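Chemist: From the sequence below, what's the structure:
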Amino acid sequence: MSCECDGPGFCQRHGIMKSVHWWHLCQTSEKYFQAWEDGRGPGQNLGQGSVFTPVSKEHIAARMAICENCEHYKKERCVKIDLGCKNSFKAKVASARTKCPEGKWE
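Modeler: Numbering: from 1, shown residues only. Below is the predicted model:
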């Protein structure tokens, strides 16, 4: 396997926001890629006090399906929760600590 991301930002596969440096490592270093695959890479398993606690890939897909059929979803963004960046929206959909402002998912 190898990295499937097309650039820095939220990595849905690994459940983290990847900087340019982390994205480059995922693309070029088998060691780092495997660490992320195993759930022990940089930015993963940050502990209980973590700001970002990811949900499962299945949960993300279910949330996205709801969002894609919502009147507030425009151009890969939710106008109710987006901070102007497609990646921030994807991170919110993947976070266990985020809820839909319309109550459509938790």
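Chemist: contacts and neighbour counts: CA atoms only from here.
Modeler: Noted.
Chemist: Tell me how many other residues surround residue 93.
Modeler: By other Cα atoms under 10 Å, 27 other residues sit near residue 93.
Chemist: my read: it touches residue 66, true?
Modeler: No. The pair residue 93 / residue 66 is not scored as a contact, 10.5 Å apart, by Cα atoms under 8 Å.
Chemist: then the longest helix belonging to the chain to PDB, C-alphas only?
Modeler: When the chain is parsed with DSSP state H, its longest helix is helix 57-68. C-alpha atoms of helix 57-68 as PDB (Å, rounded to 0.1, in the frame of the first residue of the first chain):
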ATOM      1  CA  LYS A  57     -14.100   5.300   8.300                       C
ATOM      2  CA  GLU A  58     -17.600   3.900   8.100                       C
ATOM      3  CA  HIS A  59     -18.900   6.600  10.500                       C
ATOM      4  CA  ILE A  60     -17.200   9.300   8.300                       C
ATOM      5  CA  ALA A  61     -18.900   7.900   5.200                       C
ATOM      6  CA  ALA A  62     -22.300   7.800   6.800                       C
ATOM      7  CA  ARG A  63     -21.900  11.500   8.000                       C
ATOM      8  CA  MET A  64     -20.700  12.500   4.500                       C
ATOM      9  CA  ALA A  65     -23.700  10.800   2.900                       C
ATOM     10  CA  ILE A  66     -26.000  12.900   5.200                       C
ATOM     11  CA  CYS A  67     -24.100  16.100   4.500                       C
ATOM     12  CA  GLU A  68     -24.100  15.600   0.700                       C
END
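Chemist: which residues sit against the helix or strand that that helix is followed by?
Modeler: Once helix 57-68 ends, the next helix or strand along the chain (criterion: DSSP states H and E) is strand 73-74. The contact list for strand 73-74 (Cα atoms under 8 Å, 6 or more residues apart in numbering) reads 67, 79.
Chemist: what are the pairing partners of strand 73-74, and which direction each?
Modeler: Within its sheet, strand 73-74 is paired with strand 77-78 (antiparallel), according to DSSP bridges.
Chemist: Give me the distance from the partner strand to the chain's centre.
Modeler: Averaging C-alpha positions (Cα atoms, centre = their mean, to the nearest Å) puts strand 77-78 14 Å from its chain's average.
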